[in-house]
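Visitor: What follows is a predicted structure for the sequence shown.
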Amino acid sequence: MPNVVDGFIAAVYDECLRNRDGALADYIPELDAVEPDSFGICIATSDGYVYEVGDTDVPFTIQSISKPFTYGLALGDRGLAGVAEKIDVEPSGEPFNEISLDPVTERPRNPMINAGAITSASLITGASASDRFERIRATYSRYAGRELAINDSVYRSEARTGHRNRAIGHMLRSFDIITDDPDQAVDTYFQQCSIDVTCRDLSMMAATMANNGVNPTTHERALSTELVERVLSVMTTCGMYDAAGTWVADVGLPAKSGVGGGVLAVLPGQIGIAVYSPRLDEHGNSVRGVQACRMLSRELELHFL
Ligand code: DON
């Protein structure tokens, strides 16, 4: 029997389904091959109940939604101070793929833009590149509550075409932000972006954040409580890139988007929200994802910032 939340989600879904604005990401060739009209919404509570509507089991690549999770792992590996030496926490107001460092600190401005995210990937500890990636994959899996896997064709597609990210990697090396092989850090970043998730997985990952770093269904810890606070702060100020200010004003929740079409938002202590719809706006954020989160925030009174 549908309850009041199911009713709200269904109404938001029906309204957003009519919106066909935006375009698929095509700078990674494989991302242009997905069904453009797919659309799913999930809300997972911090005690593990999932409300869902639409295409919530369709796999898509996590892309930039990976960034806060790898940042959290880097914070666990290197500590707050160790990571702060390499990555700032200032909003950049720039697009996600800007080839830039802060001119004063000579560090990436935050871990949500590519320069900061490639640096986070370089800070993950492990005996080899494959160990480092395996730690990343296993960590995301703990958040999701099931074993996640890489989508090889998307990974190969980005590895073949990702020259701008390689340029960022070499810039980071030349400023000693990355101190070993920059191509390896960029490759780890391409792999993490290519992990397949569903809308349901993303809502559980968000609910794990909402539940202070513990997955609400498996009860496994993915991140320490102190670090959840730092990751959510950076998602609030930087998660939606050069649209972060509008997002905070309109939606009022820490969030992260990816060019695969996912958007994830967290209401600490309460719920994780995930939306999947692959048509993107000019910032690289899902059009329906932004619209659905804005409506859900308004209808369910979730704006807390
Ligand atoms: O670095 C890239 O270009 C992609 N792997 C990820 C970019 C992304 O998802 C930006 N977010 N909306």
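Guide: Arrived safely, thanks for sending.
Visitor: Now stretch 225-239: buried residues?
Guide: Judged by neighbour count using 16 or more other Cβ atoms under 10 Å, the buried positions of stretch 225-239 are 227-228, 230-232, 234-239. C-betas here are computed from N, CA, C, even on glycine.
Visitor: next one: stretch 129-144
Guide: Residues of stretch 129-144 classed as buried under the neighbour-count rule (16+ other Cβ under 10 Å) are 129, 132-133, 135-137, 139-144.
Visitor: Put together TSV for these, with secondary structure and pLDDT on each row.
Guide: Listed next are those as TSV, based on DSSP: H, G, I helix; E, B strand; the rest coil; pLDDT from 0 to 100:
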residue	secondary structure	pLDDT
A129	helix	96
R132	helix	98
F133	helix	98
R135	helix	98
I136	helix	98
R137	helix	98
T139	helix	98
Y140	helix	98
S141	helix	98
R142	helix	98
Y143	helix	98
A144	helix	98
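Visitor: quick one on the thing from earlier: and which of the buried residues of stretch 225-239 is nearest the ligand?
Guide: Closest to the ligand out of the buried residues of stretch 225-239 is G239 (9.5 Å), distances taken as Cβ to the nearest ligand atom.
Visitor: pretty sure that closest one is touching G258, no?
Guide: No - look at G239 against G258 with Cβ atoms under 8 Å: they stay out of range, at 10.5 Å.
Visitor: Find the residue at the geometric middle of this structure.
Guide: When the chain is reduced to its mean C-alpha position, the nearest residue by Cα atoms, centre = their mean turns out to be I65, at 1.2 Å.
Visitor: and that one, how far is that from Q184?
Guide: 22 Å (Cβ to Cβ, to the nearest Å).
Visitor: Tell me who's in contact with G93.
Guide: Taking Cβ atoms under 8 Å, 6 or more residues apart in numbering as the criterion, G93 is in contact with D242.
Visitor: how close does it get to the ligand?
Guide: From G93 over to the ligand the distance is 15 Å, taken as Cβ to the nearest ligand atom, to the nearest Å.
Visitor: ok, now which ones touch the closest residue to N285 other than its chain neighbours?
Guide: By the measure of Cβ to Cβ, 6 or more residues apart in numbering, the closest residue to N285 outside its immediate chain neighbours is S257, 4.2 Å from it. Under the criterion of Cβ under 8 Å, 6+ apart, the contact partners of S257 comprise 64-65, 239-241, 263-264, 283-286, 289-290.
Visitor: So which of these are in strands?
Guide: Cross-referencing the contacts of S257 with the strands (criterion: DSSP state E) gives 263-264 as the overlap.
Visitor: of the contacts of S257, list those near the ligand.
Guide: Judged by Cβ under 6 Å from any ligand atom, the overlap between these and the neighbourhood of the ligand comprises 64, 284-285.
Visitor: can you list the weak-confidence ranges in the stretch 1-150 of the chain?
Guide: Applying pLDDT under 70 to the stretch 1-150 of the chain picks out residues 1-2.
Visitor: first to last residue in stretch 267-281, what's the distance?
Guide: Taking Cα to Cα, to the nearest Å, the first and last residues of stretch 267-281 lie 24 Å apart.
Visitor: in that stretch, what counts as buried?
Guide: Within stretch 267-281, the residues that qualify as buried by neighbour count (16+ other Cβ under 10 Å) are 267-268, 270-281.
Visitor: That one - what's its average pLDDT?
Guide: Per-region confidence: stretch 267-281 scores 97 on mean pLDDT.
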